[in-house]
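*Asks:* how would this look folded up:
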Amino acid sequence: MFRYAVSMLQSSAVAEDIVQDSLLKIWDRRKTLNTIQNTEAWAMRVVRNGCLDNIRASRFTAFEQSHENKLFVNNEDTMVYQDQQKWFDEAINSLPDKQKEVFHLREVECLTYHEISEIMGIGESDVKVYLHRARNKVRETMKKVDAYGGNRNIAG
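*Replies:* Below is the predicted model of the structure:
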């Protein structure tokens, strides 16, 4: 739940608050959880709705990005890896919101198409289309970056 919230909000602190609020909502409904067919998907939907409410309320346009790979020694391989990671992150962030969300739920959270469709409230065929388009765009963007040696603005 936390990883999903961070992927949507790009802020650990805000994601923690959303997940905590979501867990409180889930706790309040604990007596009726047995009536929910897929509690994991329902819980993720609660988190998603909390994130979307937060985004609408605060109108975030710029998100902080953390650099988790600070343990590497500064050498050429590390610099190449960090550059590739930067371009990959930019490729993901350039995706339309629904494609980015489906991509994250499938590739990071490892959810099934059915679970993603339940969380997002869309059909499984739509999930497959969004995922296919997202993967193709990321693949094409990374090919362009490789072809130009990483010196290309991927948005242009």
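
*Asks:* Would you map out the domains in the protein?
*Replies:* 2-58, 76-147 (automatic domain parsing).

*Asks:* Mean neighbour count and mean pLDDT for those domains - can I get that in a markdown table?
*Replies:* To be clear about C-beta, it is placed using only N, CA and C from the backbone, and glycine gets the same treatment. A markdown table is the format used below for the domains of the chain (neighbours: other C-beta atoms under 10 Å; pLDDT from 0 to 100):
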| stretch | mean neighbour count | mean pLDDT |
| --- | --- | --- |
| domain 2-58 | 16 | 89 |
| domain 76-147 | 16 | 88 |
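
*Asks:* In this protein, spot the helix with the most residues.
*Replies:* With DSSP state H applied, the helix covering the greatest number of residues in the chain is identified as helix 124-147.

*Asks:* so which strand or helix has residue 47?
*Replies:* Per DSSP states H and E: residue 47 is located in helix 39-58.

*Asks:* Show me what secondary structure element comes after that helix.
*Replies:* Along the chain past helix 39-58, the next helix or strand (assigned with DSSP H and E) turns out to be helix 76-93.

*Asks:* which element follows that next one toward the C-terminus?
*Replies:* Sequence-wise, the next helix or strand downstream of helix 76-93 (DSSP H and E) is helix 97-107.

*Asks:* list the helices and strands the helix or strand just after that next one packs on?
*Replies:* For helix 97-107, the succeeding helix or strand toward the C-terminus, using DSSP H and E, is helix 113-120. Counting contacts by 3 or more C-beta pairs under 8 Å, 6 or more residues apart in numbering; DSSP states H and E, the secondary-structure elements packed against helix 113-120 are helix 39-58, helix 97-107, helix 124-147.
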